[in-house]
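Novice: got a structure for you, letters missing:
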């Protein structure tokens, strides 16, 4: 195995590898040239309903992924090598240079948002740390969540 690994933080871990499993990347995954692990964010919720969403802390419309739940999930992978990437419509556009940079590294962790996104406090709290969250956009279109982008 090459050692390159992808970790996906999601509330829908059964969606992976999904269509990826039917591609050349899926064949490479079957051949253990890279690894894919999912982390079920819902497992870090502390209530009996495993609630992962809440109103935005500063107000505003919709619901966002709760900071406490997401931060606990991130803590389980924060020592893993590679960038921590939040798939976000407001992020830097994913382009060939970004793909090459991610591919050249040891792997990456993808955060799949839901609802109106993730609580901004998670991004802000990690901004000054050793592995800040990098926001990346896969394009100008609407998806049901971060999973299709991942």
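Specialist: Happy to help now that I have it. Since the structure is predicted, the reported quantities are computational estimates derived from the model, not experimental observations.

Novice: for the chain, which spans come out with low pLDDT?
Specialist: Applying pLDDT under 70 to the chain flags the ranges 1-2, 141-146, 148-150.

Novice: buried ones in whichever strand in the chain runs longest?
Specialist: Longest strand of the chain, by residue count under DSSP state E: strand 84-93. Buried residues in strand 84-93, counting neighbours by 16 or more other Cβ atoms under 10 Å, are found at 84, 85, 86, 87, 88, 91. For every residue, glycine as well, the C-beta is placed using N, CA and C.

Novice: ok, so of the residues you listed, who is nearest residue 100?
Specialist: residue 85 (14.5 Å; Cβ to Cβ).

Novice: which residues sit in contact with the closest one?
Specialist: By Cβ atoms under 8 Å, 6 or more residues apart in numbering, residue 85 lies in contact with 102, 108, 109, 110, 111, 133, 134, 135, 136.

Novice: Going by neighbour count, which of the residues you listed are buried?
Specialist: 102, 108, 109, 110, 111, 133, 134, 135, 136.
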